[in-house]
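**Q** from the sequence below, what's the structure:
(2 chains)
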Amino acid sequence: MKKLINAPENYTDDMLRGIYAAHPDLVKYASGDLRCYCTRYKKAGKVAIITGGGTGHLPLFLGYVGENLLDGCGVGGVFQSPASEQIYNVAKEVESGAGVLFLYGNYTGDIMNFDMAAEMLDMEDIPAKSIVGADDVLSSSNIQARRGVAGIFFLYKCAGAKAAAMGTLEEVLAAAQKAKDNTRTVGFALTPCVIPELGHSNFLLAENEMAFGMGIHGEPGVWNGPVKTADELAKESLDEILADMPIAEGEEVCVLINGLGATSQEELYILSGSVKQLLDEKGIRIYRTFVGEYATSMEMAGASISICRMADDEMKEWIDLPVHTPFYTQV
Amino acid sequence: MEYISCQQLSDFFKGAADIFTEKKQELCEMDAKMGDGDLGLTMCKGFGELPLLIAENQEPDDIGKTLRKAGMKMASLVPSTMGTLMASGLMEGGKAVAEKAAMGPQELSDFLTGFASGIQKRGKCQPGDRTILDAMQPAAEKAMQACAEGGTLADIIKAAVQGASEGVEATKQMVPKFGKAAVFAAKAQGVPDQGAVAGQYLLEGLARYLA
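**A** Predicted coordinates:
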């Protein structure tokens, strides 16, 4: 293991200390707990959107706390759920009279802890609704059982925009649901990542081997084999996505080309070009393309392709709304 | 022993702390084959602290409230899947013995039944899904039966261990539906579910105090 750290067991908290030190104007922590990450800007009467999940995916999850996006985040250890009490404390800090939306990825541990936090809020008559990102097409044929990966970005954008427009809790939930219904992702890994406290990677790939369909914690994919070209990977990914969510000629989509941590921007743009050409051939129009690191797996190499179908003009307005956080700015 | 008082509750759970310290490595190794590999660490950490959490959250003459508060603290300490399930079991088990000053045969059976239903509710799982519920559900049923037959505390926990052990054996033939284990479904055949094994150890630990 070759990492810039102090001690493996301090990985998460040392990272958080660094973030609060660098961005004291934008974020703070609640209840004296570094892992209760909150915006400094609370707007009265706005639905509070709270996310959360394990460390190791920056800018996911906490990186999307900021203007016109989310209000708070429960931070777990590397690849671990935050505790229900932490999620509850974040909610108590950022809630401002219009209720709370929990918006996070579809993983067993996270679901249990967010559900417990919701029950704790319910005892105090603070309304809380939940929705999980479940966009990873190859993780299951059952749409309810799919893992949440980079496509949650579109759920954040749509829900965040609706909340910024002072929508009700039901309306903000519906915006997230609309994004969820129209978003699909396929990802692939070229090299694994190392969990600091384990000190070694939790799977191995040979020099010229890749894993197609692998999850962002190293969950096995659909095939391991020789590395393919960007064009081939774009085609195989889009074929999977479009088979799962048919998109007609003339329809508009947003494209998200996401790097998993160790893949260069150059490679991501090569992939982006491949996707554009394939969509052109199908007559599918691109409304906006996002290229960069949106949901990583520490230093894993690889990428994911997400497609978000623009179901109506309202969705485009949500996607166009400028946002600003310590990790992500869209003007 | 005829009953466990609220003051004795902390000692009652000491056996669980001990057994998970002893079984830490074994549970980690089982879990590494099917999941994250941290089950032993989680159980050791959570149950290791539990006697102290119970002592610190002692509610005079209310074992139910004491267990619920301690369970909530434990959930924060070990927020992993199995940690949360165990804590939910404690909390729901506590609810089942609300306002009771002591744990007699009826209360112990009610606690174990509540424990199983807490896991089922939180984990959204059913018997046969190859989870810890497949140990705790038969354990609770056997405990209820022993209680109905007029058993002592020792009889009831013995029956629960028996039920859990049969349940663990049955998981060898079950197909996993949850978590990383579901990804490795083919490897699960013939191997007991590690969560169910943890459930059995919990009961074996509790049995030590009543032996």
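**Q** what residues sit buried inside stretch A:104-123?
**A** Within stretch A:104-123, the residues that qualify as buried are A:104-118, A:120-121, counting by 16 or more other C-beta atoms under 10 Å in any protein chain shown. Where you see a C-beta, it was placed from the backbone N, CA and C, and this is true even at glycine.
**Q** quick check: nearest residue in space to A:Leu233, chain neighbours excluded?
**A** Once its chain neighbours are removed from consideration, A:Leu233 has its nearest residue in A:Phe188; the separation is 6.2 Å (C-beta to C-beta, 6 or more residues apart in numbering or on different chains).
**Q** ramachandran angles for that neighbour?
**A** phi -150, psi 140 (degrees, to the nearest 10).
**Q** count of residues packed around it?
**A** Using other C-beta atoms under 10 Å in any protein chain shown, the number of residues around A:Phe188 comes to 24.
**Q** which stretches in the stretch 151-300 of chain A count as strands?
**A** A:183-191, A:209-212, A:223-226, A:252-259, A:285-292 (DSSP state E, counting those that start in this stretch).
**Q** highest average neighbour count across these?
**A** Comparing those by mean neighbour count (mean count of other C-beta atoms under 10 Å in any protein chain shown), strand A:183-191 ranks first with a mean of 26.
**Q** ok so, going back, and chain B, which of the buried residues of stretch A:104-123 contact it?
**A** Under the cut-off given by C-beta under 8 Å from any C-beta of the partner chain, chain B has A:Thr108, A:Gly109, A:Met112, A:Asn113, A:Asp115, A:Met116 from the buried residues of stretch A:104-123 close to it.
**Q** between these, which is nearest B:Arg122?
**A** A:Met112 (5.4 Å; C-beta to C-beta).
**Q** how close does that closest one get to A:Glu119?
**A** With distances defined as C-beta to C-beta, to the nearest Å, the gap from A:Met112 to A:Glu119 amounts to 11 Å.
**Q** repeat that for B:Leu108.
**A** Using C-beta to C-beta, one obtains 26 Å as the distance from B:Leu108 to A:Glu119.
**Q** the buried residues of stretch A:104-123 in helices, which ones?
**A** Using DSSP state H to define helices, the subset of those located there is A:108-118, A:120-121.
**Q** can you tell me which residues contact the closest residue to B:Leu39 other than its chain neighbours?
**A** Leaving aside its sequence neighbours, B:Leu39 sits nearest to B:Asp31 (C-beta to C-beta, 6+ apart; 3.7 Å). Contacts were defined as C-beta atoms under 8 Å, 6 or more residues apart in numbering or on different chains; by that measure B:Asp31 touches B:Gly37, B:Asp38, B:Leu39, B:Gly40, B:Gln194.
**Q** and those, which is closest to A:Glu67?
**A** When those are compared for distance to A:Glu67, the smallest value, 36.8 Å, is given by B:Asp38; criterion: C-beta to C-beta.
**Q** quick one, grab the pLDDT at the closest one.
**A** The pLDDT attached to B:Asp38 in the predicted structure is 79.
**Q** next: the one 10 residues further on.
**A** Looking at B:Gly48, its pLDDT reads 96.
**Q** using CSV, write down the CA coordinates of the host helix or strand of B:Ala139.
**A** According to DSSP states H and E, B:Ala139 maps onto helix B:133-148. The C-alpha trace of helix B:133-148 is given here as CSV (Å, rounded to 0.1, in the frame of the first residue of the first chain):
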residue,chain,number,x,y,z
LEU,B,133,-33.1,-14.4,11.4
ASP,B,134,-32.9,-18.1,10.5
ALA,B,135,-31.1,-18.6,13.8
MET,B,136,-33.0,-16.1,16.0
GLN,B,137,-36.5,-17.1,14.8
PRO,B,138,-36.3,-20.8,15.6
ALA,B,139,-34.5,-19.8,18.8
ALA,B,140,-37.4,-17.6,19.9
GLU,B,141,-39.9,-20.3,19.0
LYS,B,142,-38.1,-22.9,21.1
ALA,B,143,-37.8,-20.4,23.9
MET,B,144,-41.6,-19.7,23.9
GLN,B,145,-42.3,-23.4,23.9
ALA,B,146,-40.0,-24.1,26.8
CYS,B,147,-41.6,-21.2,28.7
ALA,B,148,-45.1,-22.6,28.0
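**Q** give me the distance from that helix to the chain's centre.
**A** Taking the mean of its C-alpha atoms, helix B:133-148 sits 12 Å from the chain's own mean (C-alpha atoms, centre = their mean, to the nearest Å).
**Q** give the buried residues for it.
**A** Taking 16+ other C-beta under 10 Å as the criterion, helix B:133-148 shows B:133-144, B:146-147 as buried.
**Q** which strands and helices sit next to whatever helix or strand comes next after that helix?
**A** Going down the chain from helix B:133-148, the next helix or strand is helix B:153-171, by DSSP H and E. Helices and strands in packing contact with helix B:153-171 are listed as helix B:105-123, helix B:133-148, helix B:194-210; criterion 3 or more C-beta pairs under 8 Å, 6 or more residues apart in numbering or on different chains; DSSP states H and E.
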